[in-house]
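Novice: build the 3D model from these lines:
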Amino acid sequence: MRNGRLVLDEPTDLPEGTEVELVAVGDDFDPQERARLLHAIDQGIEDFERGDHIDGFELIAQMKAAREAAGR
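Specialist: Numbers count the residues shown, from 1 in each chain. Alright, predicted model coming up:
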């Protein structure tokens with residue numbers, strides 16, 4: 001938000017000046033759950049930065065190949 005206006009980081013087809021309603025979505029996380037979630041996100045970022053990750057499409061291809069190799 002900037003000056004009370006939502007600033008998008010992706011292009012949109014909405015005409016300039018279009019008004020939209022933003023609704024804050026609550027969550028049901030208790031403080032411990034929130035801490036675990038934030039820790040997991042931080043760990044994921046660290047994994048990615050180390051190069052310890054796999055492309056999602058590559059993972060799906062590997063899973064399909066494994067399923068086919070198992071005769072399913």
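
Novice: pLDDT below threshold where in this structure?
Specialist: Counting by pLDDT under 70, the ranges of the chain that qualify are 72.

Novice: switch to 80 and redo it
Specialist: 1, 5-6, 24-26, 72 (pLDDT under 80).

Novice: quick one: the spatially most central residue of it and residue 70, what's the gap?
Specialist: By C-alpha atoms, centre = their mean, the chain has its centre lying nearest to residue 41, at 9.8 Å. For residue 41, the distance to residue 70 (C-beta to C-beta, to the nearest Å) stands at 33 Å. Where C-beta positions appear, they are placed from N, C-alpha and C, glycine not excepted.

Novice: biggest helix in this structure, by residue count?
Specialist: helix 31-50 (DSSP state H).

Novice: chain center to whatever helix or strand comes next after it: distance?
Specialist: Proceeding N to C from helix 31-50, the next assigned helix or strand is helix 56-69, under DSSP states H and E. Mean C-alpha position of helix 56-69 versus that of the full chain (C-alpha atoms, centre = their mean, to the nearest Å) differs by 22 Å.
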